[in-house]
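> Quick one, fold the following:
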Amino acid sequence: MPRYPRILPLGDSALTIEFGARIDPALHQRVMACMHRLQQASPPGQLDLVPTYRSLTVYFDPLIADGISLRATLLDLAARPVRAPHRPAKTVTVPVFYDRTVAPDLDAVAAEARVAIEQVVSLHTSVTYRVYMVGFLPGFPYLGLVPRQIAVPRLATPRTSVPAGSVGIAGTQTGIYPRASPGGWRIIGRTPLRVCDLGRPQPFLLEPGDHVRFAAIDRAQFEDLSEANP
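Below is the predicted model:
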C-alpha cells in the first residue's frame with residue numbers, strides 16, 4: 001500500500017503530491033491547505049498549482065527550480081496538519097431547470113434509481129456539494145458527493161455535443177458543462193447561469209473549495225434567467 005503523502009514526477013517540470021486515493025472532503029481540505037501554503041511560500045521557479053480531488057500538481061521552471069530541493073519542500077508542506085481554511089468557502093446557489101426538454105437522461109436516471117423523476121430532482125437538490133476541482137473544460141466544476149441512490153454511471157458512448165449549462169451526473173460526481181462540447185455524463189437538467197465567462201474579472205463562477213446548492217426552477221424562470229445571462 002502506498003504511503004501518503006507521496007510525490008510523483010510529472011515530466012521534467014512538474015511534481016504531483018498525492019494525499020490519498022479516494023473522494024473525501026477531509027482529503028480535499030489537505031490538498032487545499034497545501035496549495036495555500038505553497039502560494040504563501042512561493043518557492044523559486046514555481047509556475048502554477050493545480051488541485052484535484054486527492055492531489056496537487058506543482059508546475060515549475062526547471063531552469064530555476066532545484067527539483068531535489070523542491071521535492072523536500074513539498075513533502076514538508078504536505079505533511080503539516082490542516083489549519084482553518086485560508087478563505088471562507090463561498091456558497092453558490094445554481095438554478096436548474098429539470099425537464100425532459102433539456103435533460104435527455106432524466107427518465108433513464110429515474111428508471112435506474114427506481115424512483116419518480118420528482119424524487120431524482122429532490123435528491124439532487126438535497127445536498128450541499130463541494131467543488132473538488134475545475135477542469136476538462138475551462139470552468140467545468142467537479143462536485144460531490146451525489147446521493148448514492150442517483151449515483152448512476154456515465155454513458156457507455158459519449159454524446160458528440162452537450163449544450164452549455166447542462167447539469168450531469170457521473171457516478172458520485174455531478175457537474176456543469178460551461179460550453180457546448182462532447183460528453184458522457186448523464187444530463188438531468190440545465191442551468192441558465194454562465195459558469196465560465198472570459199469577460200468577467202473572475203471568469204470562473206466556482207473554485208475548488210466552494211460549496212454549491214442546486215435549486216429547481218420552472219420553465220418561465222429558466223427563460224427569464226436565460227435572457228438575463230445571454
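> Could you measure from T128 over to L143?
To L143, T128 is 10 Å away according to C-beta to C-beta, to the nearest Å. Placement of C-beta: from N, CA and C, glycine included.
> How about P192?
The spacing between P192 and L143, counted by C-beta to C-beta, is 18 Å.
> Neighbour count for those two, which is higher?
L143 (25 against 21; other C-beta atoms under 10 Å).
> so what's the residue nearest the centre of the chain bridging to?
Closest residue to the average C-alpha location of the chain: Y142 at 2.2 Å, with C-alpha atoms, centre = their mean. In this entry, Y142 is beta-bridged to M133, G175, by DSSP bridges.
> Distance of the residue in the chain sticking out farthest from the centre relative to G45?
Ranked by distance from the centre of the chain (C-alpha atoms, centre = their mean), the top residue is L63, with 32.1 Å. Taking C-beta to C-beta as the measure, L63 falls 8 Å from G45.
> Tell me the spacing between the residue nearest to L143 when sequence neighbours are not counted and R186.
Of all residues not flanking L143 in the chain, Y129 sits nearest, at 3.9 Å (C-beta to C-beta, 6 or more residues apart in numbering). Noted for Y129: a distance of 16 Å to R186, by C-beta to C-beta.
> check contacts around the residue lying closest to R6 once chain neighbours are set aside.
For R6, ignoring the flanking residues on the chain, the nearest one in space by C-beta to C-beta, 6+ apart is E18 at 5.2 Å. For E18, the contact set (C-beta atoms under 8 Å, 6 or more residues apart in numbering) comprises 2, 4-8, 54-55.
> can you do 10 Å?
By C-beta atoms under 10 Å, 6 or more residues apart in numbering, E18 lies in contact with 2, 4-8, 27, 31, 52, 54-57, 78.
> swap in L70?
For L70, the contact set (C-beta under 10 Å, 6+ apart) comprises 7, 15, 43-46, 58, 60, 62, 64.
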